[in-house]
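**Student:** please find the sequence and the predicted model below.
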Amino acid sequence: MACDCISKVDAMLAAKNTQLSPTLIFSTPVRVVVTLGTEVKEKKRGARPVSMLPTFCPFCGERYVPAAEGRS
């Protein structure tokens, strides 16, 4: 993992009996990210919210996985 923001934020949230809901991504390299919560705007049959997995840490802005050389 590029940063330790998840553990830092969890420590701050502990006083409120709350923690983040991290997601383990099985890729190369394996990484843990914060899933951004979403919800369905209009209730329709079979409608489900999609998960958003950020490329950068939403707390410090550091990239979770370094960009491949020659790519931005």
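**Tutor:** All right, it came through fine.

**Student:** only C-alpha atoms for contact and neighbour calcs from this point on.
**Tutor:** Will do.

**Student:** can you tell me the closest non-neighbouring residue to the spatially most central residue of the chain?
**Tutor:** Closest residue to the average C-alpha location of the chain: Val34 at 1.9 Å, with CA atoms, centre = their mean. Using CA to CA, 6 or more residues apart in numbering and skipping the chain neighbours, the partner closest in space to Val34 is Pro22 (4.6 Å).

**Student:** hang on, the earlier thing: the residue nearest to the centre of the chain contacts Thr55, correct?
**Tutor:** No. The criterion here is CA atoms under 8 Å, and Val34 misses it with Thr55 at 9.9 Å.

**Student:** state the distance from the residue nearest to the centre of the chain to Ser7.
**Tutor:** Distance check for Val34 against Ser7: by CA to CA, to the nearest Å, it reads 11 Å.

**Student:** list the contacts for the residue nearest to Gly37 when sequence neighbours are not counted?
**Tutor:** Nearest non-adjacent residue to Gly37, counting by CA to CA, 6+ apart: Ser51, 6.8 Å away. Counting by CA atoms under 8 Å, 6 or more residues apart in numbering, Ser51 touches Thr35, Leu36, Gly37, Thr38.
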